[in-house]
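[1] give me the fold of what follows.
(one chain, ligands or ions: 1)
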Amino acid sequence: MESLVEARAPEPGLVLFRLWQKGDAPATAGIFDLAFGPGRYAKTAERLREGNRHLEGFSLVAEECRGASGIVGAALVWPILIGTKPAGLLGPIAILPRLHGQGLGRKLLAATLAQADATTTTDREVIGEGILLVGDLAWYGPFGFVGVGDRVQLPGPVNPDRILLRPKSGTDAAAGKGAAGQWGGLAVPAFRNLRSG
Ligand SMILES: CC(C)(COP(=O)(O)OP(=O)(O)OC[C@H]1O[C@@H](n2cnc3c(N)ncnc32)[C@H](O)[C@@H]1OP(=O)(O)O)[C@@H](O)C(=O)NCCC(=O)NCCS
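    Presented below is the predicted three-dimensional model:
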């Protein structure tokens, strides 16, 4: 699929959002290591990522265009199944600490969700109509994520209050809660569903 986040002529200091590319792997790993430390591999959400491949057509980086430009943030999206329905798993998402609190995290999240919303029919077989993540409702709620509690199970222990789903209905909370109610079951990696990665 085409990226919604076109690379524009870079201005000094500007942060652009673009699709993740293979050459971004070392910088992306460095940002996640800094944000989460080695403990990130022990998280239950990691059970949906190990052996899986994130989707290059849906995963984004934030790139700072200042002097030697560099990756300052990243958000990865992975193919999973919830019960029998395809969905995307969002995460990790992180911004370099020196740039926290400037709105980049929210912009990166919004751009990633816009990319997911712009799926074609073929993409939808991979990413489905919902995005799952494990995170804080306070931060993700305004973007249309709602708690699905123990209706959706993960392959390991996790606080059910942190299992959040964003049905494709957008940011309307009532519609989102209704649509999320149609989701349920065990979340598993969808190794065989790769089309875009
Ligand atoms: C979460 C993260 C990506 C936000 O990036 P950012 O560029 O600082 O985000 P923004 O500037 O758009 O927003 C910052 C706001 O979000 C709030 N916020 C950040 N993380 C939050 C959380 N987990 N829960 C609630 N609010 C949170 C901040 O307190 C701040 O609030 P304010 O606007 O009222 O001051 C960044 O803090 C980060 O990389 N953290 C480490 C990795 C991480 O925790 N990722 C999320 C995993 S679920």
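
[2] contact residues of the chain facing the ligand?
    Taking C-beta under 6 Å from any ligand atom as the contact definition, the chain meets the ligand at 35, 93-95, 100-106, 135-136, 138-139. In this view, the C-beta of every residue, glycine as well, is placed from N, C-alpha and C.

[3] report the residue spans of this protein with pLDDT below the cut-off.
    The model of the chain has pLDDT under 70 over residues 1-13, 67-69, 169-171, 192-197.

[4] what packs against the longest helix along it?
    Longest among the helix segments of the chain by residue count, using DSSP state H, is helix 104-117. Where contact means 3 or more C-beta pairs under 8 Å, 6 or more residues apart in numbering; DSSP states H and E, helix 104-117 is packed against strand 14-19, strand 60-65, strand 70-82, strand 85-95.

[5] cutoff 10 Å now
    strand 14-19, strand 60-65, strand 70-82, strand 85-95, helix 121-127, strand 130-134, helix 137-140, strand 163-167 (3 or more C-beta pairs under 10 Å, 6 or more residues apart in numbering; DSSP states H and E).

[6] which of the residues of the chain next to the ligand count as buried?
    When burial is judged by neighbour count using 16 or more other C-beta atoms under 10 Å, the buried members of those are 35, 93-95, 104-105, 135.

[7] from the residues of the chain next to the ligand, which is closest to residue 112?
    Taking C-beta to C-beta as the measure, residue 112 sits nearest to residue 93 out of the residues of the chain next to the ligand, at 7.4 Å.
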